[in-house]
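>>> sequence and predicted structure below; questions after.
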Amino acid sequence: MAAVIRIFIRGANSKLSVSGLGAGVQSSLGAALLKLSPSCNARTKTQRRHASHFTFHPDPVRTQYGPTQKMNLFQSVTSALDNTLASDPTAVIFGEDVAFGGVFRCTVGLRDKYGKDRVFNTPLCEQGIVGFGIGVAVAGATAIAEIQFADYIFPAFDQIVNEAAKYRYRSGNLFDCGNLTIRAPWGCVGHGSLYHSQSPEAFFAHCPGLKIVIPRGPVQAKGLLLSCIADNNPCIFFEPKILYRAAVEQVPVEAYTTPLSQAEVLQEGSDVTLVAWGTQVHVMREVANMAQEKLGLSCELIDLQTILPWDIETVCKSVVKTGRLLISHEAPVTGGFAAEISSTVQEECFLNLEAPITRVCGYDTPFPHIFEPFYIPDKWKCFDAIKRMINY
Amino acid sequence: MAATLRSTNKMYGLCFHAARQAAGLKAPRLLQRRAFTVSVSSQQPFDSSLEKPQFPGASAEFVDQLEFIQPNVISGIPVYRVMDRQGNIINPSQDPQLSKETVLNFYQKMTLLNTMDRILYESQRQGRISFYMTNYGEEGTHVGSAAALDPSDMVFGQYREAGVLMYRGFPLDLFMAQCYANADDLGKGRQMPVHYGCKDLNFVTISSPLATQIPQAAGAAYAIKRENRNRAVVCYFGEGAASEGDAHAGFNFSATLECPLIFFCRNNGYAISTPTNEQYRGDGIAARGPGYGMLSIRVDGNDVFAVYNATKEARRRAVAENQPFLIEAMTYRIGHHSTSDDSSAYRSVDEVNYWDKQDHPISRLRHYMMARGWWSEDDERSWRKQSRKTVMEAFERAEKRLKPNPELLFTDVYEEMTPHLSKQRESMWRHMQQYKEHYPLDLYEK
């Protein structure tokens, strides 16, 4: 402690300026103090940050859409937005901080390229962002609204559920906001805690008139986002934020669309059907491998992709074949979307089921900070659930 | 000290400038206290040697006297009017000098609306329609503003703007069809009565949630601005809806994003039973405009020419300058909130009678017309008879019409029919097959 004080006082006469308290840019005082800490050089157990709970599995390269480029998820989103602004002169992108490129860099370069009347910041107000977006869409222009985190979408809930979703129906198809797409970063990120980790798809799944789409990687993200933008219904596109940098694939440079409401069978199998979306697809990929290696099971893995309207046919067809279904998502289990899938599948495939449908989801708590490793539906929880299903 | 003297010449906010310019009134001695000016400053390089605030958030002067700005609710923003309560022009320069034909049209539209309201209100009482909302006392706000707009201007309403639609030419048959939810309803029978909409007349379909249209109007105006086609957007709402967060959002967005938009607030004194002194504590809605950097004015909503003049000028400038305008039209809701309300529970009959008899937009305009020899008692009698007849005929036709086919329950949820909705539709018809005697299928088109 005395050593620290001595260095502090000595430092006051040299480069360390005491008057510039907390002067952010070159805070050498902060760095200097840290270096003095005994635990600084040898990081103890409690200081190591927990490793990622999944490994990203890239999609194979698509050759049918022309030349490809290595892109991560946020770059594939930028690419989709770039294609849109180039081909649709009415398209505008707006939200908090999108002008400088966005807090997740999804809109980097677009304002310079397309102009400040097409890529612009709005005041900090989600109900305004979505309401404004509905108006742009109703007037016939393509509106792409960004909500900074899915956790902050709730002030816009009234505009989304009472207005956007019902515009066409209530007007007898005189008016609609099909030109509206809302994008928001979604899902756990390792340290996001209550308000930077949420997966709110279940709240909106209960609302007819909306489409909800969640990609598992850059190639899917671009194709699905372009489909959402082209779709003549209001769409919510949730982007798994943990994949923004971690997911890298070869993504076609030109525009292409991936169909909505079509689940994708990523791996065929005969013993158990695994259904997931977003980041969890990659967890399930590992679970399928573990099940194969340790239990000799052949798993059929399905990425649902569109939550609403969801592809009932593909999932039921698979369960008829395998007789067992595991659904997994980060959102809390009660009222989560797995409940809807589970209920429909047992109605349609009751006699084909060999075991009760299992859901491996987040607990019914708010998303915790330090307890995230215990909270999330990781590969061990899913593996264990499969074991119990097999032995039912 | 010098700062204090300088600022006594400044008015409270920009709205007074607008009021003076638009109305040609002499600057009233409203405020002797310090005002603040909101100046949009461009980026100046930071220079701490100047004794001027360098904050990015505001560039006003420094002051060394501790004084809170008084929200001026006693005298407040003045009410612009052209006619007195007897329909006499006060300042001839403000008479828009509209043609006899135009003024007669104003009058006939306002009275036709009034007649339709009486008949449809009564039809709800008799159980023929499920619900209705009248426009009594506010006809001037509808017709005056609608007349000042271009037919291509987009209208976002709340629910008490039927006169705007009527002025634009929406036929009685379609008003009735919507209220009866019959097979002629453009909305396909999906919404409660008075939730009108018409694409051809650029009147966006009404929805029940209040104030949701306000940020939407800002978005539509932004898109319209980019089209560069001399169109504006007008957004109507009541003083109660102005309390919603969406109103704040809409005002702020329209100002920061520079939208050609007219916000038209009908301040009619009540939000159902809630009087204005329980709705807000500031000087109404107009006083909020300057807070957003918006040009604002308060007008006499029962003076159709004042409404007309203000809307006309606001529209001209909104489109020319790409900025929003806020018009607060003061008026009075003579009728109940709706057929589900009995306003004698919270206000006196005397109060209502005052407005009905002493300050009504229809009477004031009639006095104006009669003073010019454009209308007589005979004209009044024959017009009343004719308008009642037209309304009754439309009413009888609407009553006889069947309701829309129940197939329409399932369409337009999405642009396309989805497999799961298709299945649900089939299941409904199968159920109807088996249990048809329990359902009023005869009232619906096949």
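On my side now, so go ahead.
>>> and the helices in the stretch 251-392 of chain A?
For the stretch 251-392 of chain A, applying DSSP state H, counting those that start in this stretch gives helices covering A:280-295, A:312-322, A:337-349, A:372-375, A:379-390.
>>> what's the closest of these to chain B?
Comparing these against chain B with CB to the nearest CB, the closest turns out to be helix A:312-322 (6.5 Å). (Each C-beta comes from the backbone N, C-alpha and C, glycine too.)
>>> quick one: list the elements packing against that closest one.
Where contact means 3 or more CB pairs under 8 Å, 6 or more residues apart in numbering or on different chains; DSSP states H and E, helix A:312-322 is packed against strand A:272-276, strand A:299-303, helix A:337-349, helix B:419-435.
>>> of all the residues in the stretch 151-300 of chain B, which ones are close to chain A?
B:154, B:156, B:185-191, B:195, B:197-199, B:204-205, B:207, B:209, B:212, B:214-224, B:226, B:245-246, B:248-250, B:252-253, B:256-257 (CB under 8 Å from any CB of the partner chain).
>>> what sits against residue B:87?
Contact analysis of residue B:87 by CB atoms under 8 Å, 6 or more residues apart in numbering or on different chains lists B:363, B:364, B:365, B:366, B:367, B:368, B:371.
>>> just put those residues in JSON lines and tack on distance to residue A:253 and secondary structure.
JSON lines is the format used below for the contacts of residue B:87 (distance: CB to CB, whole Å; DSSP: H, G, I helix; E, B strand; the rest coil):
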{"residue": "B:363", "distance to residue A:253": "69", "secondary structure": "helix"}
{"residue": "B:364", "distance to residue A:253": "67", "secondary structure": "helix"}
{"residue": "B:365", "distance to residue A:253": "65", "secondary structure": "helix"}
{"residue": "B:366", "distance to residue A:253": "69", "secondary structure": "helix"}
{"residue": "B:367", "distance to residue A:253": "72", "secondary structure": "helix"}
{"residue": "B:368", "distance to residue A:253": "68", "secondary structure": "helix"}
{"residue": "B:371", "distance to residue A:253": "73", "secondary structure": "helix"}
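>>> so which of those comes closest to chain A?
residue B:365 (32.0 Å).
>>> how about that closest one, what does it touch?
By CB under 8 Å, 6+ apart, the residues touching residue B:365 are B:87, B:103, B:106, B:107, B:110, B:140, B:304.
>>> now residue B:348: how far from chain A?
Distance, residue B:348 to chain A, by CB to the nearest CB, to the nearest Å: 36 Å.
>>> would you say residue A:145 is within a strand?
Yes - according to DSSP: H, G, I helix; E, B strand; the rest coil, residue A:145 belongs to a strand.
>>> what pairs with it across the strands?
residue A:94, residue A:182 (DSSP bridges).
>>> circling back: could I get the contacts of residue B:87 as JSON lines with pLDDT and distance to residue A:221?
Shown next, in JSON lines, are the contacts of residue B:87 (pLDDT from 0 to 100; distance: CB to CB, whole Å):
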{"residue": "B:363", "pLDDT": "98", "distance to residue A:221": "64"}
{"residue": "B:364", "pLDDT": "98", "distance to residue A:221": "62"}
{"residue": "B:365", "pLDDT": "98", "distance to residue A:221": "60"}
{"residue": "B:366", "pLDDT": "98", "distance to residue A:221": "65"}
{"residue": "B:367", "pLDDT": "97", "distance to residue A:221": "67"}
{"residue": "B:368", "pLDDT": "98", "distance to residue A:221": "64"}
{"residue": "B:371", "pLDDT": "97", "distance to residue A:221": "70"}
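>>> just the buried members of the residues you listed?
Neighbour counting over the contacts of residue B:87 (16 or more other CB atoms under 10 Å in any protein chain shown) leaves B:363, B:364, B:365, B:366, B:367, B:368 as the buried ones.
>>> adding distance to residue B:283, write those residues out as a markdown table.
Below are the buried ones among the contacts of residue B:87 laid out as a markdown table (distance: CB to CB, whole Å):
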| residue | distance to residue B:283 |
| --- | --- |
| B:363 | 28 |
| B:364 | 25 |
| B:365 | 28 |
| B:366 | 32 |
| B:367 | 30 |
| B:368 | 30 |
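>>> what is the nearest of those residues to residue A:274?
Comparing the buried ones among the contacts of residue B:87 against residue A:274 with CB to CB places residue B:365 closest, at 72.3 Å.
>>> could you measure the closest one against residue B:383, distance?
Relative to residue B:383, residue B:365 is positioned 13 Å away (CB to CB, to the nearest Å).
>>> out of the buried ones among the contacts of residue B:87, which is nearest to residue B:267?
Once CB to CB is applied, the member of the buried ones among the contacts of residue B:87 that ends up nearest residue B:267 is residue B:364, at 17.9 Å.
>>> which ones are touching the closest one?
Residue B:364 is in contact with B:83, B:85, B:86, B:87, B:140, B:302, B:303, B:304, counting by CB under 8 Å, 6+ apart.
>>> specify the local secondary structure of the third one.
When you say that, I think you mean residue B:86. Per three-state DSSP, residue B:86 ends up coil.
>>> now do the same contact list for the closest residue to it other than its chain neighbours.
With CB to CB, 6 or more residues apart in numbering or on different chains as the criterion, residue B:86 has its nearest non-adjacent residue at 5.6 Å, and that residue is residue B:367. Residue B:367 makes contact with B:86, B:87, B:88 under the criterion CB under 8 Å, 6+ apart.
>>> tell me where the stretch 101-250 of chain A has strands.
All strands of the stretch 101-250 of chain A, identified by DSSP state E, counting those that start in this stretch, fall at A:119-121, A:143-146, A:180-186, A:211-213, A:235-240, A:248-252.
>>> now those as JSON lines including mean neighbour count?
Below are the strands of the stretch 101-250 of chain A laid out as JSON lines (neighbours: other CB atoms under 10 Å in any protein chain shown):
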{"stretch": "strand A:119-121", "mean neighbour count": "20"}
{"stretch": "strand A:143-146", "mean neighbour count": "28"}
{"stretch": "strand A:180-186", "mean neighbour count": "28"}
{"stretch": "strand A:211-213", "mean neighbour count": "26"}
{"stretch": "strand A:235-240", "mean neighbour count": "27"}
{"stretch": "strand A:248-252", "mean neighbour count": "21"}
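>>> could you dump the ones you listed into JSON lines with distance to residue A:113 and mean pLDDT added?
Formatted as JSON lines, those follow (distance: least, CB to CB, whole Å; pLDDT from 0 to 100):
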{"stretch": "strand A:119-121", "distance to residue A:113": "8", "mean pLDDT": "98"}
{"stretch": "strand A:143-146", "distance to residue A:113": "15", "mean pLDDT": "98"}
{"stretch": "strand A:180-186", "distance to residue A:113": "18", "mean pLDDT": "98"}
{"stretch": "strand A:211-213", "distance to residue A:113": "25", "mean pLDDT": "98"}
{"stretch": "strand A:235-240", "distance to residue A:113": "21", "mean pLDDT": "98"}
{"stretch": "strand A:248-252", "distance to residue A:113": "18", "mean pLDDT": "97"}
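>>> make a markdown table from those strands and add distance to residue A:364 to it.
Compiled in a markdown table, the strands of the stretch 101-250 of chain A are given as follows (distance: least, CB to CB, whole Å):
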| stretch | distance to residue A:364 |
| --- | --- |
| strand A:119-121 | 37 |
| strand A:143-146 | 30 |
| strand A:180-186 | 19 |
| strand A:211-213 | 21 |
| strand A:235-240 | 21 |
| strand A:248-252 | 34 |
